[in-house]
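>>> curious how this folds, go ahead:
(one chain, ligands or ions: 2)
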Amino acid sequence: MLIKRPKGTQDIIPGTIEKWHFLEEQIRKICQEYGYQEIRTPVFEATELFQRGVGETTDIVNKEMYTFLDKGQRSITLRPEGTASICRAYVENKLYAQTLPVKLYYLGPMFRYENTQAGRYRQFHQFGIEVLGVENPLVDAEVIQLLWDFLQRLGLQGLEVHINSVGCSHCRAVHREKLQTFLEDRKDKLCSDCQSRLERNPLRILDCKNKNCQALTVEAPTTLDTLCPDCQEHWESVQHYLKMGDISFKINPKLVRGLDYYQKTAFEVMAKGIGAQSAICGGGRYDGLVEEIGGPSTPGIGFAVGLERILAAMQSQKIEIECTDKTSVMVAVLGDKARQVGFQLANQLRQRGIIAFMDLMGRSLKSQMKYADRVGSRYVLILGEEELEKGIIIVRDMKLGDQKEIAKADLIEFIQNIDSSEFEI
Ligand code: ATP
Ligand code: MG
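Ligands and ions are numbered 1, 2, ... in the order given. Next up is the predicted model:
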């Protein structure tokens, strides 16, 4: 029986991979411009890292982790997100001893055991950034600015940036009590998940996807109502900087994000045209996290973008991704001797950075021309017994349908010239 790929995973095959390369290039470029450096952490970590770093009451930890015992009986989890690993790496590699802030970006697969549907997979890819070591609201704005800039450069339209402040542990405690009091009378009507959240983490009820719970919390007290003076000042400053950057945003007091460690600024970006899973990015400030996993007290902020959802949004908005195919050359041969000379010739071309194809299937000359067409080679070098004897090679321009005889000794230089200047024969 045919073995299929696991549910919720995808093969990215030629024809699609070019889009990923394009996105990855854009990501590296913008991160460099904003002064972020790449970090790569393991795809699996000790389970405890996520239990502590993401939080025991989150959907990720409760329902979505790929956790298993390895042969040494250690509990291992495939990373469901990037932030916890990066904070671990920050502590483990003592990055805090370097010049602050530490500005990092990452790119790679994440794993969550989810109900799969369009835009929701079990292996998906995130690009994210993290800034460690700054409390200043200027950095909240820089992070959102980078995100906005990235999405604008891709040409995406109709995006909505939602922001909120969930406050610090002091104002959250005040809010928690008010919210619990408000929800106590409505407890029986909440979904079973939210009934258990009421004790453990009532804030998350504001984030419930259940329509009934959403209706019940319309009038609920929000974290913005209870911000302490410090958090209030931070919140106003972030908005001020965002306005300076011409980023239009919506204040969404119900935005609390799934992860336990968020503090103060939380944000999300929604895109049109990609169906129910419209969130393309989530982020926020996590000032308590590094300490939580055993490091020095360090403020942090970051976001993660879902790359499958970005590509879906680009596709639905009919944004073409330009694949700048380089000119390539096909070496077409007739006869054994010519094949050997052609083999060497193709290698010489590749040594000079020219993309060269050769027939590997024993095709006739006519089929080699068709093959050249299919692989998109603009130039075909035709080499048979007769050409060998005369010491020449025929160079055919497939686009113009012209051809020309070139002395074998001059060929490389000739090709190098047409390759760079699109010289027409
Ligand atoms: P959602 O509410 O859609 O479950 P989330 O809050 O769980 O999203 P985050 O953990 O903040 O998502 O991850 C950031 C981004 O990663 C999301 O905005 C989304 O674009 C993407 N993402 C999250 N889960 C998946 C998934 N299972 N498949 C594809 N993309 C995902
Ligand atoms: Mg989720």
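
>>> pull the residues that contact stretch 185-197.
Stretch 185-197 is contacted from outside by 57, 183, 198, 204-205, 208, 210, 212-213, 216, using C-beta atoms under 8 Å, 6 or more residues apart in numbering. For glycine as for every other residue, the C-beta is placed from the backbone atoms N, C-alpha and C.

>>> which one is P253 nearest to, not counting chain neighbours?
T222 (3.7 Å; C-beta to C-beta, 6 or more residues apart in numbering).

>>> what's the helix or strand for the residue in the stretch 1-150 of the chain that ligand 1 sits nearest to?
Residue of the stretch 1-150 of the chain nearest ligand 1, by C-beta to the nearest ligand atom: F124 (3.4 Å). Using DSSP states H and E, the element containing F124 is strand 123-132.

>>> pLDDT of that strand, averaged?
Average pLDDT, strand 123-132: 98.

>>> would you state the strands of the stretch 51-200 of the chain in chain order?
66-69, 75-78, 102-111, 123-132, 160-165 (DSSP state E, counting those that start in this stretch).

>>> what residues does this protein put near ligand 1?
81, 112, 114, 119-121, 124, 126, 258, 277, 279-282, 304, 306, 308-309 (C-beta under 6 Å from any ligand atom).

>>> still on that earlier bit, these two touch, right, the residue nearest to P253 and I251?
No - assessed by C-beta atoms under 8 Å, T222 is found out of contact with I251, at 9.9 Å.

>>> who has more neighbours, these two?
Shown here are T222 and I251; by other C-beta atoms under 10 Å, T222 has more neighbours (24 against 13).

>>> rewinding a little: nearest to I415, of the strands of the stretch 51-200 of the chain?
Closest approach to I415 among the strands of the stretch 51-200 of the chain (C-beta to C-beta): strand 102-111, 35.9 Å.

>>> could you list the paired strands of that closest one along with their orientation?
Counting by DSSP bridges, the strands paired with strand 102-111 are strand 37-38 (parallel), strand 123-132 (antiparallel).

>>> what's the most buried one of those?
Highest mean neighbour count of the strands paired with strand 102-111: strand 123-132, a mean of 22 (counted as mean count of other C-beta atoms under 10 Å).

>>> give me the residue from the stretch 151-300 of the chain nearest ligand 1.
Minimum separation of the stretch 151-300 of the chain from ligand 1 (C-beta to the nearest ligand atom) falls at G282, amounting to 2.8 Å.

>>> need the contact list for that residue.
Contacts of G282 (C-beta under 8 Å, 6+ apart): 257-258, 267-268, 303-304.

>>> again with T57
197, 200-201, 204, 260.

>>> any idea of the pLDDT on it?
Value listed for T57 in the pLDDT field: 80.

>>> and what of L259?
We have a pLDDT of 69 for L259.

>>> rewinding a little: give me the beta-bridge partners of the residue of the stretch 1-150 of the chain closest to ligand 1?
In this structure, F124 bridges to M110 when assessed by DSSP bridges.
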